[in-house]
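J.: no sequence for this one, just the structure:
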């Protein structure tokens, strides 16, 4: 089963960012220009509680309509990103009353519902598991790290706990740009879509044909006869994480690694139900595959 194809092109994108239409410091036009200069193929404008723009092109970069909906619960908040949403996501100025209603409304309008920065939000595994219909969750959120926030950018451990308890979500990396002081361009997804348009991108993301990254690139990924095979840009660690607490040979370490393989454990105390590939380069930057369901 080929999950990421070595011979198909990738489109690079950011699915979470803000403008002066909510709490960002750049106008829509200036924010678009910033990502255009960084060489992005697509972005989503996700202002808080506002659908700032329709989907449109900015030169050769696709700009997707989006929104961020936020809710305060006891001891935590829930922020939800809607990507590719239609105007009905805010019905007559009335927002969905609760997180599940928000997910439902995003999905009803043909969009993608993504759980934003669950570690920053102090979400519990129970909260994550209780949300039905999510397309993905943010495994890394750039602005949730110093100097912009506390050190809660990486949600991988939390999402692995949820996955180990049956809630296996695909994952995205996103900048959540507000300040445009270096957080932009730090986290992204690379999507293997058939074409660079809204319909094709959303379909590819729904199908998991992408990976999240802060730098390293996955070039190919496949599951074949009980082994996971990955090729990638040069990294120092290739890690195969799963629902199993421990398995042998799940870590490969060395300078300039560009490929690795892992044998799935199907018996014993730790039968594996899913595997996630994590790459770590010499600068400590990571990339994450979506969970491979076994």
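T.: Now that the structure is in, tell me what you want to look at. This one's a predicted model, so the numbers in the text were calculated from it and none came from an experiment. Residues are numbered from 1 along each chain as shown.

J.: With residue 47 as the reference, measure out to residue 77.
T.: In this view, residue 77 and residue 47 are 17 Å apart by Cβ to Cβ, to the nearest Å. To be clear about C-beta, it is placed using only N, CA and C from the backbone, and glycine gets the same treatment.

J.: Need the pLDDT of the nearest residue to residue 292 once chain neighbours are set aside.
T.: Leaving out its chain neighbours, the residue that sits closest to residue 292 by Cβ to Cβ, 6 or more residues apart in numbering is residue 275, at 4.8 Å. On pLDDT, residue 275 comes in at 98.

J.: quick one: which of residue 77 and residue 47 has more around it?
T.: Each of residue 77 and residue 47 has its neighbours counted (other Cβ atoms under 10 Å); residue 47 has more, 20 against 17.

J.: wait, doesn't the more buried one sit right on residue 22?
T.: Yes. Using Cβ atoms under 8 Å, residue 47 is in contact with residue 22, at 3.7 Å.

J.: circling back to that earlier point, pretty sure the residue nearest to residue 292 is in a strand, no?
T.: Yes. Assigned with DSSP: H, G, I helix; E, B strand; the rest coil, residue 275 falls within a strand.

J.: Neighbours of it, how many?
T.: Residue 275: 22 neighbours (other Cβ under 10 Å).

J.: For it, give its distance to residue 207.
T.: For residue 275, the distance to residue 207 - Cβ to Cβ - is 18 Å.

J.: just residue 286 next, same as before
T.: 23 Å.

J.: quick one: which of the two has more around it?
T.: The neighbour comparison of residue 286 against residue 207 (other Cβ under 10 Å) goes to residue 286, with 23 against 13.

J.: ok, that one to residue 278 distance?
T.: Distance from residue 286 to residue 278, by Cβ to Cβ: 6 Å.

J.: Please apply the same query to residue 53.
T.: From residue 53 to residue 278 the distance is 34 Å (Cβ to Cβ).

J.: so what does the helix or strand containing residue 162 touch, helix or strand wise?
T.: For residue 162, the host element (DSSP states H and E) is helix 156-164. Applying 3 or more Cβ pairs under 8 Å, 6 or more residues apart in numbering; DSSP states H and E, we find helix 156-164 packed against helix 125-130, strand 136-141, strand 274-280.

J.: Turn those into CSV, columns for distance to residue 113.
T.: CSV is the format used below for the helices and strands packed on helix 156-164 (distance: least, Cβ to Cβ, whole Å):
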stretch, distance to residue 113
helix 125-130, 13
strand 136-141, 8
strand 274-280, 21
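
J.: Give me whichever of the ones you listed is most buried.
T.: Greatest average neighbour count among the helices and strands packed on helix 156-164 goes to strand 136-141 (a mean of 28), per mean count of other Cβ atoms under 10 Å.

J.: Quick one: mean pLDDT for that one?
T.: The predicted model gives strand 136-141 an average pLDDT of 98.

J.: And stretch 116-126, by the same measure?
T.: 98.

J.: and that stretch, how far apart are its ends?
T.: Length of stretch 116-126, first residue to last, Cα to Cα, to the nearest Å: 16 Å.

J.: contacting residues around that stretch?
T.: With contact meaning Cβ atoms under 8 Å, 6 or more residues apart in numbering, stretch 116-126 is reached by 16, 68, 75-81, 115, 128, 137-138, 141, 144, 149-150, 152-155, 157-159, 161-162, 165, 167, 174, 176.

J.: Show me the beta-bridge partners of the residue nearest the centre of the chain.
T.: Among the residues of the chain, the one closest to the centroid is residue 172, at 0.6 Å (Cα atoms, centre = their mean). Under the criterion DSSP bridges, residue 172 forms beta bridges with residue 138.

J.: does it really touch residue 212, like I thought?
T.: Yes. Residue 172 lies in contact with residue 212 (Cβ under 8 Å); the separation is 5.2 Å.

J.: sorry, back to before: separation between the residue nearest to the centre of the chain and residue 227?
T.: Applying Cβ to Cβ to residue 172 and residue 227 gives a distance of 26 Å.
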